[in-house]
Structure formats: C-alpha cells, structure tokens
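Student: I'd like to go over a predicted model; first the sequence, then the structure.
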Amino acid sequence: MEARSGREYYQVSVTTPSRDEAGSLGQVLVESRLAACAQVSGPISSTYWWDGHITSASEWLCTLKTTSDRLESLMATVHEMHSYDVPEIIAIPIIAGHPLYLAWIDEETRA
C-alpha cells in the first residue's frame, strides 16, 4: 500500500518532561492542522548525555502523523512551545500505509 499521489507522510516523535506538555503540544498541533493526530504514551524511561553527564529521566512521548508540506511548520511550532533547550523532534518517513489512512492524514492536515 503506497502513499497516495506521490505525497510524503511522516511520523514525528517528540519527548516531553510531563504528560501535560505532551498533551498540550498534541492539542495545538492537531487544532492548527499541522498534525492529523497526536498520541501520547508514557511515562518512558530515557537515558542520555546532557551537559557532559549521563542523565536519566521519566518522559512522555508524543507521536504525530503529518505530511511533508506541514512538517517544517510542525517542527518549528514544537521547538517554539517546548520547555527543553534542545527538544527531541525526529521525523521518520512513512514508506507505506493503508490508502484510507493516508487519505485521512491528507484531509486533516489541509491548511
């Protein structure tokens, strides 16, 4: 099952320090049609380097679905709203999906 009419789709992952922040990000991104949906899961346990030290923290994961033409604005909005100095914003291409689901992403991310 291929992407419709050459469109590109992305799944974007963003981690946050709280469920409230993940939910707020998701709400704003869906309301502004930068994402078709936002799914919040967690808490997750993260271990990473920060300021020269290994740090561990509980975080929440916000997973978003969007199109290539909305991706740049989505990432800019996350960066602007996020409480971290360097937020995780990772976009992974969706290489295949059910045509009806991909059509739904198209419809829900129209400007």
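Tutor: Cool, the structure landed.
Student: so Leu25 is in which element?
Tutor: helix 19-31 (DSSP states H and E).
Student: nope, Val14 is what I was after
Tutor: In the assignment (DSSP H and E), Val14 maps to strand 9-16.
Student: One more: Leu102?
Tutor: Per DSSP H and E: Leu102 is located in helix 99-108.
Student: What helices and strands are in contact with that helix?
Tutor: In this structure, helix 99-108 packs against strand 53-67, with contacts taken as 3 or more C-beta pairs under 8 Å, 6 or more residues apart in numbering; DSSP states H and E. Yep, even glycine has a C-beta here, placed from its N, CA and C like the rest.
Student: what angle sits between the strand it packs on and helix 99-108?
Tutor: 90 degrees (axes from the mean of the first three to the mean of the last three C-alpha atoms, to 10 degrees).
Student: who does Thr55 bridge with?
Tutor: Tyr48 (DSSP bridges).
Student: Count the residues that sit near it.
Tutor: 10 (other C-beta atoms under 10 Å).
Student: hang on, it packs against Tyr48?
Tutor: Yes: counting by C-beta atoms under 8 Å, Thr55 sits close enough to Tyr48 to count as a contact (5.9 Å).
Student: tell me which strands and helices the helix holding Leu25 is in contact with?
Tutor: Judged by 3+ C-beta pairs under 8 Å, 6+ apart, the packing partners of helix 19-31 are strand 9-16, strand 37-50, strand 53-67, helix 68-81.
Student: Of these, which stretch is the most buried?
Tutor: Comparing those on average neighbours per residue, with mean count of other C-beta atoms under 10 Å, the densest one is strand 9-16 at a mean of 21.
Student: Now do the contacts for His53.
Tutor: His53 makes no contacts at all, as judged by C-beta atoms under 8 Å, 6 or more residues apart in numbering.
Student: And it, how far from Ser46?
Tutor: Noted for His53: a distance of 14 Å to Ser46, by C-beta to C-beta, to the nearest Å.
Student: I'm done for today, thanks for sticking with me.
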